[in-house]
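In: Mind folding the following:
(3 chains)
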Amino acid sequence: MILTIQHMTRYDYASPARAVVQSHRITPTRCDGQKVMSWQVSVTGGRKGGEFRDGAGDLVTAWTIPGPVDSVEVSVQGMVETTDMAGILKGNRETVPPEAYLRDSVATKVDAALRDLAQSVSETAPLDVAHGLSRAVTKAILYRPGVTHSFTTAAAALAQGEGVCQDHAQVMVAIARHRGLPARYVSGYLFADAAGVAHEAAHAWAEVYVPGFGWIGFDPANECCPDARYLRLGSGLDAKEAAPIRGTTRGTGEESLSVTVAVQAQAQ
Amino acid sequence: MTTYFNEMFDAGQVRDPYARLQDWMQSMPADRRLEKQAEAEELFRRIGITFAVYGEGGDPDRLIPFDMFPRVFTAQEWAKLDRGIKQRARALNAFLVDVYGRGEIVRAGRIPGNLVYQNAAYEISVSGFVPPKGVYSHIVGIDIVRTGPTDFYVLEDNCRTPSGVSYMLESREMMMRMFPDLFRENRIQPVDRYPDLLRRTFASVAPAKCDREPTVVILTPGHFNSAYYEHSFLADLMGVELVEGQDLFVDGAFVYMRTTQGPKRVDVIYRRIDDAFIDPLCFRPDSMLGVPGLMDVYRSGGVTICSAPGAGVADDKAVYTYVPEMIRFYLGEEPILENVPTWKCAEADDHKYVDENMADLVVKEVHGSGGYGMLVGPKSTKAEVEEFRARVRANPSNYIAQPTLALSTTPTFVAEGVAPRHVDLRPYCLVGERIELVPGGMTRVALKDGSLVVNSSQGGGVKDTWVLAE
Amino acid sequence: MLSRTADNLYWIARYMERAETVARLLEVGARIALLPSAKGYRSDWDSLLRASGNASGYAQKYGEPDQKSIEDYLFFDRDNPNSVANCITSARENGRIVRTALTTQVWDALNTAFQELRRIETARKRQELSQLTDWVMKQTAMVRGAIDATLLRDAGYNFLNIGYYLERGDSTARLMDVKYYVLLPRADFVGSGLDNDQWMMLLRALGSHRAFRWAYGGDLTASKIAHFLILNPQCPRALITCVAGMANHLGRLAKLYDTETPAQAAVRALLAELEGQSTEKIFDEGLHEFLTRFVRQAAGLGAVIHDSYLSGDMAL
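Out: Numbering: from 1, shown residues only, chains lettered A, B, ... in the order given. This is a model prediction of the structure:
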């Protein structure tokens, strides 16, 4: 499938911002099943800084905008040929040992309810456990936009019983770790066909490390494993760490954010 | 009754290194001693060398007590320490490069993976990165205790930003000013090369992108920090700027400092702030101490950070027990300095032993430092032991235990005259292109009679540490 | 030099100078209280408070001005950001931050002032005001003297001096402005006792009454006093002296750094304007208007200096 991506993130500042610093993980993962035909990131008024591939295989690009500016626009345009890999991540070069993904983060700390959810799956073989957990998350959290925030923790989302893909993914990550399976949060894009949900184009899912297979993606929000409709960008212990754009500015002014994403599939 | 090794008097005889101090000691009647002590205090205060005890409030300008009675090593004694310390510093750095790379030592089963990779001090964000010259820990402070004429043990390693080196330098300065005769009578190896060696160490690890004389800075959390004096002292001696986070900013692929002549590029940052505060973009978003975007510059080779973020995984108290194993694994050598035998409460058998013998042991938190969060069994009340027992039971993996070591004593000036007090030693090993160790260190002394806790936060003082020339 | 270091040095100077100004004010106040005329009493304490720039803070805390409260407020009160105690503490703290940019002597002078201040504060025994103000003069002179005698003539020395001159010019202008009406050439006051007393008080506050006599002689006139405090380069606290001092040190910085910033142009413009002034022109403009304008111009110059050297926001 050939996916075309148009992703625009716009920051508006109430008072002119200085020294805006951003760190991007917004380039498709170099792995089997993702062939980049074109990919371009631009930042208005920005100077491109250092660029490196981190231990998880993600390309990190730094940007600085000296300012003062009233707004900053980050726009991404690209075209990628994808192949269905049955959810398995292959060909990504990484040095971080899977074991490192057994640790907690603030957003994925387990509480009693998460523990119960983790234990509700009776399977024992790692792959079966992972599938079982993904199904459990789908059931436990109803898809409903607007009720959770970027900083909602896995525990809070579960307590609420509703949320978006970020919440599904974080809950999945938390309970998989609790079952002793290394797990991480993945951010990317999803081409949603007629049956899908359009506003989930900027998407997130989880990856679980299963011995013998390696990292396998699970998308509880859509009850499936990633296929050719998915485009993987980067990963982290939780949503914050895997965020495609992290940034700060000097000063205390209000900042507002607007995002538009369009993912289209072209006939091959 | 434990007997303690007295470094000056052994079986009624004055040991060699202290031979020339006997007369000096006797020439110090109480009034002269008090006079000299007051002189020292006045000098310290005038220079501004003060030490604020973390979390205790009180007078921020309090002086750390300085004891004028020097602690002395012979050249032979030091030669062994020198080799042992450098060996350890090499192994610790090899370990760090390894666990952020291929993790051979874990694959070989010589150290448990969970201890390393699930350790809070293991920085996933620097995995796969090899800092310039393959050095993660540029200043390794190794705490050493002595129990006999030839028995030295490593108590702990400090791979991040060990403090106290200003006391090594200032104590020497003070002694040379007050007792110049002693330095004529004894051939004492100098320590004043340290600042220059430190600067050279930093310069030697400048990033490859730096094509001129590297600009080095010290990054301090600020003037409210208890070690601020040391930060400014070292900056001054090295002739480099002492900066706070707000003095630095990232532009493009480099870091700059704000000067009266405009931005100036910085190549090496000796940071005296914790990993968590280095970069609000990467770690704690609420950090006001760090520099947004610094980690990306670091990872893309625009600046060197000393010690390297992530170095803390090597000085974790649970990892400590494996340092002899690291020495064998990476260097193919036997450890020259021994570890103190350590029980890891994370392991059931060890915890059982610790639980049963707590009153005889020293129990420490794995991540604790500065003498906080520890129990000295033999010096504690029954209630204190019981309270600690409950804490350890609640979270065993957070604790390790060691036997109560018979720390050596050295003569120390006290109210009644001269009396033996327990001491330890922290030398500072520099690792850059070369490994350097100045002959000396910070000797801490437990000023309270019978106390084994030398931390300045717990009533400890400092002494000048002499290494005699051959 | 780090911009922050330059800023710390600049503020050491400003705080020490401010402490001295406040001490002089207190001294003058005490002197007035000794004068037989009970009539002028209240308004004089009022004007002192206004000159110190903290009348509203005082009013909130104490209400009616009385000598003891004012002394406490201006000398000891930690709620008053410009009290002598706060100024000395801030100067010393700025010094501690940049300890290594100072000589032992300068640090010693700053630290001694601070340590003695703490003793004075904790002693709680009321001291004679004149002892306190003498003590402040002595401390500020010690710091100033240590700077002049021991500090390297590098960029830091220039930033210290810029701070001193800016603060001093500002306080001279403010002090004059509080009493500007005294200097208005009004027939009914000239030659009256009150008039002379007020003039003398102003000169005393600036530590210049003896110098004035030597420089001018004869009767006191509004024009002579205005000339002395604004336009006479011999008077150490005259506005023109302060601006010339800043011009000198900014010029030295430009030479040292081999480049000019907007600060040099700004100070030259202000100096040229003062040099073109005369007392007649000033009284034509209105003394109050002139002083208000000067205070604004000096603040503007301070802002330009800040942007050019101290803020650290200069472009790459």
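
In: Need the phi and psi values for A:Leu3.
Out: phi -100, psi 130 (degrees, to the nearest 10).

In: And for the one 3 residues further on?
Out: In this entry, A:Gln6 is assigned phi and psi values of phi -130, psi 120 (degrees, to the nearest 10).

In: repeat for C:Gly300
Out: phi -60, psi -40.

In: Please apply the same query to A:Ile26.
Out: phi -130, psi 30.

In: which residue sits closest to it, ignoring its sequence neighbours?
Out: A:Pro244 (4.5 Å; C-beta to C-beta, 6 or more residues apart in numbering or on different chains). Heads up, the C-betas are built off the backbone N, CA and C, glycines and all.

In: Contact partners for that neighbour?
Out: A:His24, A:Arg25, A:Ile26, A:Ser187, A:Ala202, A:Leu233, A:Gly234 (C-beta atoms under 8 Å, 6 or more residues apart in numbering or on different chains).

In: The residues you listed in strands, which ones?
Out: Those of the contacts of A:Pro244 mapping onto strands are A:His24, A:Ser187, A:Ala202, A:Leu233, A:Gly234, per DSSP state E.

In: What subset of those is buried?
Out: Using 16 or more other C-beta atoms under 10 Å in any protein chain shown as the burial test, the ones in strands among the contacts of A:Pro244 include A:His24, A:Ser187, A:Ala202, A:Leu233, A:Gly234 as buried.

In: give me every residue that touches the third one.
Out: The contact partners of A:Ala202, by C-beta under 8 Å, 6+ apart, come to A:His7, A:Ser187, A:Tyr189, A:Pro244, A:Val259, A:Val261.

In: Kindly state the beta-bridge partners for the last one.
Out: With DSSP bridges as the criterion, the beta-bridge partners of A:Val261 are A:His7.

In: what does chain A have sitting close to chain C?
Out: By the rule C-beta under 8 Å from any C-beta of the partner chain, the part of chain A lying against chain C is A:Arg18, A:Pro66.

In: Where does pLDDT dip in chain A?
Out: Residue ranges of chain A with pLDDT under 70: A:194-200, A:251-252, A:267-268.

In: Dead centre of it: give me the residue that sits there.
Out: Chain A has A:Ser187 as the residue nearest its centroid, 1.6 Å off, counting by C-alpha atoms, centre = their mean.

In: for the helix or strand of chain B with the lowest mean pLDDT, packing partners?
Out: Here the helix or strand of chain B ranked lowest by mean pLDDT, DSSP states H and E is helix B:30-47, holding a mean of 82. For helix B:30-47, the packing partners by 3 or more C-beta pairs under 8 Å, 6 or more residues apart in numbering or on different chains; DSSP states H and E come out as strand B:66-73, helix B:165-178, helix C:104-123.

In: what's near enough to touch the nearest residue to B:Glu7 once chain neighbours are set aside?
Out: Excluding the flanking residues, the one nearest B:Glu7 by C-beta to C-beta, 6+ apart is B:Thr410, at 4.7 Å. Taking C-beta under 8 Å, 6+ apart, we find B:Thr410 in contact with B:Asn6, B:Glu7, B:Met8, B:Phe69, B:Arg71, B:Pro420, B:Arg421, B:Val423, B:Thr443, B:Val445, B:Lys463.

In: buried stuff in the strand or helix carrying B:Thr410?
Out: Assigning secondary structure by DSSP states H and E places B:Thr410 in strand B:409-414. Using 16+ other C-beta under 10 Å as the test for burial, strand B:409-414 gives B:Thr409, B:Thr410, B:Pro411, B:Thr412, B:Phe413.
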